[in-house]
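Asker: attaching a predicted model along with its sequence, questions to come.
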Amino acid sequence: GAGVSQSPSNKVTEKGKDVELRCDPISGHTALYWYRQSLGQGLEFLIYFQGNSAPDKSGLPSDRFSAERTGGSVSTLTIQRTQQEDSAVYLCASSTGLSSNSPLHFGNGTRLTVT
Amino acid sequence: GENVEQHPSTLSVQEGDSAVIKCTYSDSASNYFPWYKQELGKGPQLIIDIRSNVGEKKDQRIAVTLNKTAKHFSLHITETQPEDSAVYFCAASMTGTASKLTFGTGTRLQVTL
């Protein structure tokens, strides 16, 4: 079946511009997660949603970052006034819920380059 | 917060040999330890996980061991094949689920013919 879909796959933007990244989770998955992967680094937790609610926003690096999820499905991650240090691969994942037997299913990511 | 260290950063083995990747974690409250495999241009994929009430888990050529006292866990791949070449990430969570994982920095495994 269809996996987690992220768009765009690549995004090049100028410093100072706003960008919006989209994630379509697997149908029926109630939990959705955003991670950031910088070059040669591990994955950095940003935020997760259970349904449309985001119980934990502690991973968002600054107030320039925000995320929303509507209808319990699609999520968007918005970065305002982008900086060069925002350049990274942004990964979205979904799972059937927050139970102990719900593994994460990752999308292929959006590679963001801020020039 | 939790800190996960992973070694080595790169590993090269000959086809058929075994590969071992090690991770340590800092918070004794962590209780869920998954391993992910990431191929070029793709998102990470869960390959095996272990919980704190288990010391070892095996799935075909892949096994994971956990030492809670020492706060470290390891991934073992036996009879390596070229398709095992990828970046492997360990992770730890205190929630018992994948809801908030702290990842290691990854190990690039190269299996040579």
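Answerer: Nice, thanks for sending it over. Numbers count the residues shown, from 1 in each chain, chains lettered A, B, ... in the order given.

Asker: pLDDT score for the residue in chain B that chain A sits nearest to?
Answerer: Proximity of chain B to chain A (CB to the nearest CB) peaks at B:Gly43, 3.0 Å away. Every C-beta, even on glycine, is put in place using the N, C-alpha and C of the backbone. Note for B:Gly43: predicted pLDDT of 92.

Asker: what residues does chain A have near chain B?
Answerer: A:4, A:31, A:33, A:35, A:40-45, A:48, A:56, A:91, A:93, A:95, A:98-100, A:102-104, A:106-109 (CB under 8 Å from any CB of the partner chain).

Asker: in PyMOL, select just the buried ones from the residues you listed.
Answerer: Burial among those is assessed by 16 or more other CB atoms under 10 Å in any protein chain shown; the matching PyMOL selection reads:
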select buried, chain A and resi 4+31+33+35+42+43+44+45+48+56+91+93+95+98+102+104+106+107+108+109
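
Asker: mind telling me what element B:Phe73 is part of?
Answerer: strand B:72-77 (DSSP states H and E).

Asker: contacts for the following helix or strand past that strand, please.
Answerer: Stepping forward along the backbone from strand B:72-77, the first helix or strand reached (DSSP H and E) is strand B:86-92. Strand B:86-92 has contacts (CB atoms under 8 Å, 6 or more residues apart in numbering or on different chains) with A:42-43, B:2, B:4, B:6, B:21, B:23, B:25, B:27, B:30, B:32-40, B:44, B:47, B:73, B:75, B:101-104, B:106-109.

Asker: direction included, what does the next helix or strand after strand B:86-92 pair against?
Answerer: Where DSSP H and E defines the elements, the next helix or strand beyond strand B:86-92 is strand B:102-103. Next to strand B:102-103 in the sheet, as set by DSSP bridges, lie strand B:86-92 (antiparallel).

Asker: restricting to C-alpha, output the partner strand in PDB.
Answerer: Extracted C-alpha coordinates of strand B:86-92, given in PDB (Å, rounded to 0.1, in the frame of the first residue of the first chain):
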ATOM      1  CA  ALA B  86      23.300   1.400   4.400                       C
ATOM      2  CA  VAL B  87      23.400   3.900   7.300                       C
ATOM      3  CA  TYR B  88      22.100   2.300  10.600                       C
ATOM      4  CA  PHE B  89      20.700   4.400  13.400                       C
ATOM      5  CA  CYS B  90      20.000   3.400  17.000                       C
ATOM      6  CA  ALA B  91      17.500   5.200  19.100                       C
ATOM      7  CA  ALA B  92      16.200   5.300  22.600                       C
END
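
Asker: alright, I will stop here.
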